[in-house]
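S.K.: dropping the sequence and predicted coords here.
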Amino acid sequence: MVAKNEIIQELGQSDDLLLPDRIAGSLTANDRAKYYFGLLQMARANADRPIVPAPDLKTERLESRIEDSWLDEVVAAARVDGQTDLVVPRGGEILERLQSAIDDMIACLPQASAQELIERFATLRPAARQDDRIPLELVEKMTSGDRSAGDSLHLLVMDAHKAINALQADTAIETLMGARVHTLSPRISQFAARGAPMILFRDFAETADYQALRQVAGLVTAQGARTSHAAVVARQLGKVCIVGCRDLQIEASGRGGRIGAHVLQEGDLLSIDGGDASIYEGELPVRSEKPESLLAMVDSWREAARRAAPCSD
């Protein structure tokens with residue numbers, strides 16, 4: 001990303017060219033903020049009425065691109081002390097991370113949209129804590145989504161998310177499967193012009209990637225789930241998709257990476273199987289078959305339903 005920023009600054013118009021990346025970064029920050037809200041709420045609930053085993057929110061953590069596995073133990077270890085405090089492992093750090101995520105959300109917004117949010121945040125920002133204790137009253141106030149009860153960090157995040165979505169809609173060039181998208185990477189367009197099938201490898205597919213899905217034959221992501229929006233869009237477009245490839249690491253340049261010990265470079269010849277989530281080196285023969293017996297069964301059901309339908313004049 002540093003190299004990309006330097007190149008764009010040399011070209012000029014850096015604000016316009018980098019805006020899609022800043023928007024994507026702010027949307028990722030929104031996911032982090034929601035994760036930390038959920039973590040604190042779950043820790044509070046489990047401290048009152050422990051569940052065995054306690055929820056770890058690992059899936060939510062990974063989908064929010066947070067790598068720290070120690071967070072998976074927070075809910076189980078949380079406890080209420082003295083009827084006033086929630087004791088959470090590294091509670092002060094969790095609050096700092098939540099505030100950092102909110103700062104990152106606001107960062108992409110123009111001054112006119114950001115100013116009100118900045119002023120609200122200055123009022124709502126909790127004091128720094130040096131220990132694991134978070135007042136129960138503060139947890140309730142931060143995570144409240146009830147506007148009639150007054151402003152809260154949760155409401156601030158909701159409003160910042162709406163502002164980011166509005167900015168994205170204003171600057172996007174078209175809508176694809178309900179997602180607003182920006183311009184394609186020039187490298188994708190160059191490969192597409194050669195007529196070569198492409199596979200898009202990403203840490204986590206974002207809104208800015210959706211238009212690229214039209215140009216590629218497949219998508220592989222390090223994070224996400226089968227029901228994530230990117231996976232659904234890929235299937236709707238008829239693309240092969242593998243999500244949650246945990247061993248995938250993408251280089252900062254975006255031109256290479258590795259899966260485990262296997263090094264990947266842009267232009268390598270690979271084959272992927274979305275059925276069993278396999279990735280093969282080289283080009284494999286593709287055989288296309290239709291499940292004729294199943295299709296015939298569906299046709300029989302359709303015909304039976306047609307005959308059973310009441311006739312109308």
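M.R.: Here it is on my side, so go on.
S.K.: all strands for this protein, in order.
M.R.: Under the criterion DSSP state E, strands of the chain are mapped to 79-81, 85-87, 133-135, 174-176, 179-181, 199-202, 218-221, 240-242, 248-250, 256-259, 262-265, 270-273, 278-281.
S.K.: save the ones you listed as CSV, and put in distance to Ala33 too.
M.R.: For every residue, glycine as well, the C-beta is placed using N, CA and C. Shown next, in CSV, are those (distance: least, CB to CB, whole Å):
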stretch, distance to Ala33
strand 79-81, 24
strand 85-87, 19
strand 133-135, 16
strand 174-176, 26
strand 179-181, 21
strand 199-202, 22
strand 218-221, 22
strand 240-242, 27
strand 248-250, 24
strand 256-259, 28
strand 262-265, 32
strand 270-273, 33
strand 278-281, 33
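S.K.: hey, which of the ones you listed is tucked in deepest?
M.R.: Comparing the strands of the chain by mean neighbour count (mean count of other CB atoms under 10 Å), strand 218-221 comes out on top with a mean of 24.
S.K.: what helices or strands is it leaning on?
M.R.: In terms of contacts (3 or more CB pairs under 8 Å, 6 or more residues apart in numbering; DSSP states H and E), strand 218-221 is packed against strand 199-202, helix 229-236, strand 240-242.
S.K.: surely Glu281 and Leu269 touch.
M.R.: Yes. With contact defined as CB atoms under 8 Å, Glu281 reaches Leu269; the gap is 7.5 Å.
S.K.: low-confidence regions, the stretch 201-313 of the chain specifically.
M.R.: 205-211, 225-230, 252-254, 288, 309-313 (pLDDT under 70).
S.K.: redo that, cut-off 80
M.R.: For the stretch 201-313 of the chain, the stretches with pLDDT under 80 are 203-215, 223-236, 252-255, 285-291, 308-313.
S.K.: all helices for the stretch 1-150 of the chain, in order.
M.R.: Applying DSSP state H, counting those that start in this stretch to the stretch 1-150 of the chain gives helices spanning 2-11, 14-48, 58-63, 74-77, 91-107, 111-124, 136-143.
S.K.: in terms of secondary structure, what does the fourth one contact?
M.R.: Counting contacts by 3+ CB pairs under 8 Å, 6+ apart, the secondary-structure elements packed against helix 74-77 are helix 14-48.
S.K.: tell me which residues of the helix it packs on are tucked away?
M.R.: In terms of neighbour count (16 or more other CB atoms under 10 Å), helix 14-48 has its buried residues at 17-44, 46-47.
S.K.: between helix 136-143 and it, find me the angle.
M.R.: 140 degrees (axes from the mean of the first three to the mean of the last three CA atoms, to 10 degrees).
S.K.: now the angle from helix 14-48 to helix 91-107?
M.R.: Helix 14-48 runs at 150 degrees relative to helix 91-107, counting by the same axes, to 10 degrees.
S.K.: re earlier: format the helices of the stretch 1-150 of the chain as JSON lines; extra columns: distance to Gln215.
M.R.: Formatted as JSON lines, the helices of the stretch 1-150 of the chain follow (distance: least, CB to CB, whole Å):
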{"stretch": "helix 2-11", "distance to Gln215": "20"}
{"stretch": "helix 14-48", "distance to Gln215": "16"}
{"stretch": "helix 58-63", "distance to Gln215": "25"}
{"stretch": "helix 74-77", "distance to Gln215": "41"}
{"stretch": "helix 91-107", "distance to Gln215": "29"}
{"stretch": "helix 111-124", "distance to Gln215": "32"}
{"stretch": "helix 136-143", "distance to Gln215": "41"}
